[in-house]
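Novice: pasting a predicted model and its sequence here:
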Amino acid sequence: MLEDVIAAVKEVAQQVIMPRYLKVDRQLKADGSFFTEADVAAQNALLDKLQKIRPAAAMGEEMTKQEQEAQWIKGNTGLWSIDPIDGTSNFFNGLPYFAISVAFMEQGKGVLGVIYNPATDEMFYATQDGGAFLNGIALPLKRYVPTLSSAMANIDLKRLDRRFAAKVAAYPPFASQRNYGACALEWCYTAAGYFDLYLHGGQKPWDYAAGSLILKEAGGSMCGFDDDDYWAGSLWHRSVIAALDPGLFIQWRDWVRANRKE
C-alpha cells in the first residue's frame, strides 16, 4: 500500500498542484485560513485515488467541520487523513516549502504516512514499525546531538500563549529558531535532524497524522503541553513538544512546561 500511496501523491503533485503553482488566487475560509483552487482540486484527486488503493473513511482539510467530524467517527478502524497542500500561504506566495500530507490511521493513530514537497522533490514516508525514510534513505540523516543551548528549534510562535511566546523569543534556551509555515514538513525536518527541537501550540489531525508517525519511526519523542502521552491531548487542537534525541527531548519538555506555568 505504501508504494501505491507514494505513486498517487506524486501523480497528484505533478498533474494537479504544480501546474497551478503561482497561478491561482487565494480565498478565505470561514475560520480565517486560506485556500486555493489547487487545494480543492488536489484533495478531490487524492480522495479518488486513495479510495481505489483502500476503501475507507476519508477526512480532508478542505472539508467542512461537520464532514470532518463525521468521517472521523466512521474511521476508527481505518481512516485516510489528507492535507492536500500544507503551507497554502507559501504555495500562493511562491515559497518552496509546502507539502501534500497523507496518512492512513487506525484507532486514531497513523500507521502509514507520506509527506511530499513537490517543489524540492522531498518524499518522506513511514509505516508503523517499518522505519522512516527520505527518498529511500533512512532517517535521521543527522546523528550529531547538540546541547540544549546549541540546538536549532522549529517553533510556531503565533500559536503559543502570548506571554509564553514572548519568553521563548526573548529568553530562549536554544541557539536558534525557525518557522516556515508547514506543519507536515516541520515534523519531517525534525525527524531528519535538520531541527533538534519542535514546539507547536495546537494542530489538527491532518497536521500531525503523518508527521508524528515519521518522527516516531525515526526514533524521535513527543508529548503534549500537559500530557506525557502525546495522544491524550485534544484531537482537534493537539499541542506538540518534540525532539529527535530522547535526552534532549526530556530537557526541552521540562523547560517548556516549567516556563509555561510561570
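Specialist: Yep, it's here.
Novice: leaving out sequence neighbours, find the closest residue to residue 210.
Specialist: Leaving out its chain neighbours, the residue that sits closest to residue 210 by Cβ to Cβ, 6 or more residues apart in numbering is residue 113, at 3.2 Å. The way it works is simple: take the backbone N, C-alpha and C, and place the C-beta from them, glycine included.
Novice: before we move on, what SS does the one you found have?
Specialist: Assigned state for residue 113: strand (three-state reduction, DSSP: H, G, I helix; E, B strand; the rest coil).
Novice: number the chain from 3, please
Specialist: Taking 3 as the first residue, the last one we looked at is residue 115.
Novice: spit out the contact partners of it.
Specialist: When the contact criterion is Cβ atoms under 8 Å, 6 or more residues apart in numbering, the partners of residue 115 are 103-106, 126-129, 211-216.
Novice: the protein: strands as residue ranges?
Specialist: Remark: strands of the chain, listed N- to C-terminal, are 28-30, 36-38, 59-62, 81-88, 101-108, 111-119, 124-129, 134-136, 139-140, 154-157, 178-180, 199-205, 223-225, 240-245; assignment by DSSP state E.
Novice: could I get the ones you listed as CSV with mean pLDDT and distance to residue 53?
Specialist: Output for the strands of the chain, formatted as CSV (pLDDT from 0 to 100; distance: least, Cβ to Cβ, whole Å):
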stretch, mean pLDDT, distance to residue 53
strand 28-30, 67, 26
strand 36-38, 72, 22
strand 59-62, 96, 7
strand 81-88, 97, 8
strand 101-108, 98, 12
strand 111-119, 97, 15
strand 124-129, 98, 20
strand 134-136, 98, 25
strand 139-140, 98, 30
strand 154-157, 98, 33
strand 178-180, 96, 37
strand 199-205, 97, 25
strand 223-225, 98, 30
strand 240-245, 98, 26
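Novice: so can I have JSON lines of the ones you listed showing distance to residue 74?
Specialist: JSON lines is the format used below for the strands of the chain (distance: least, Cβ to Cβ, whole Å):
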{"stretch": "strand 28-30", "distance to residue 74": "25"}
{"stretch": "strand 36-38", "distance to residue 74": "20"}
{"stretch": "strand 59-62", "distance to residue 74": "6"}
{"stretch": "strand 81-88", "distance to residue 74": "7"}
{"stretch": "strand 101-108", "distance to residue 74": "9"}
{"stretch": "strand 111-119", "distance to residue 74": "13"}
{"stretch": "strand 124-129", "distance to residue 74": "22"}
{"stretch": "strand 134-136", "distance to residue 74": "25"}
{"stretch": "strand 139-140", "distance to residue 74": "32"}
{"stretch": "strand 154-157", "distance to residue 74": "27"}
{"stretch": "strand 178-180", "distance to residue 74": "31"}
{"stretch": "strand 199-205", "distance to residue 74": "15"}
{"stretch": "strand 223-225", "distance to residue 74": "21"}
{"stretch": "strand 240-245", "distance to residue 74": "13"}
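Novice: thanks a lot, catch you later.
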